[in-house]
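Asks: Pasting the sequence and the predicted model now:
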Amino acid sequence: MIEIIKRPLVTEKAMKLSEVGQYCFIVDPDANKIEIKKAIEDLFEVKVNSIRTLRAKGKVKTKFTKKGLMRGSSPLRKKAYVTLKEGYTIDIVSGTAGDE
């Protein structure tokens, strides 16, 4: 299960979505929605209402060096937007863990 969920995505947009019960994760590009749902429910002990996924293509990077022009690309990333059922939250992503 840990291999499916790589890390939570902590951006401004993701923090705004966490206020309404939606959380964003970077997941394995080969994982499907059923596997992602099972991993989230087992890892955080919550109930998932729905999942939206998207695949972000890697950007082509060009660098000028002494040896000439070098080209490469950043890797493909897959994001999962997880909507939880009413009454469930994930404290690690919401940023409220440790606040008193």
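Replies: Perfect, I can see it now.
Asks: and the helix or strand hosting T83, which strands flank it?
Replies: T83 belongs to strand 77-84 when assigned by DSSP states H and E. Using DSSP bridges, the strands paired with strand 77-84 are strand 22-27 (antiparallel), strand 48-56 (antiparallel).
Asks: what residues does that strand touch?
Replies: For strand 77-84, the external contacting residues (C-beta atoms under 8 Å, 6 or more residues apart in numbering) are 9, 17, 21-29, 31, 33, 36-37, 40, 46-56, 58, 90. No exception for glycine: its C-beta is placed from N, CA and C like everyone else's.
Asks: who are the neighbours in contact with the most centrally placed residue in the chain?
Replies: In the chain, the centroid-proximal residue (C-alpha atoms, centre = their mean) is F25; its distance is 1.5 Å. Listed by C-beta under 8 Å, 6+ apart, the contact partners of F25 are 5-9, 36, 40, 79-80, 82.
Asks: Identify the residue nearest it in space, chain neighbours excluded?
Replies: Leaving aside its sequence neighbours, F25 sits nearest to A80 (C-beta to C-beta, 6 or more residues apart in numbering; 5.0 Å).
Asks: Just the pLDDT for that neighbour.
Replies: We have a pLDDT of 97 for A80.
Asks: R52 now?
Replies: Turning to R52, the model gives it a pLDDT of 97.
Asks: got a pLDDT number for E19?
Replies: Looking at E19, its pLDDT is 89.
Asks: Relative to E12, how far out is it?
Replies: 12 Å (C-beta to C-beta, to the nearest Å).
Asks: now I51
Replies: When distance is defined by C-beta to C-beta, I51 is 21 Å away from E12.
Asks: sorry, back to before: buried set for the strand holding T83?
Replies: Judged by neighbour count using 16 or more other C-beta atoms under 10 Å, the buried positions of strand 77-84 are 78, 80-82, 84.
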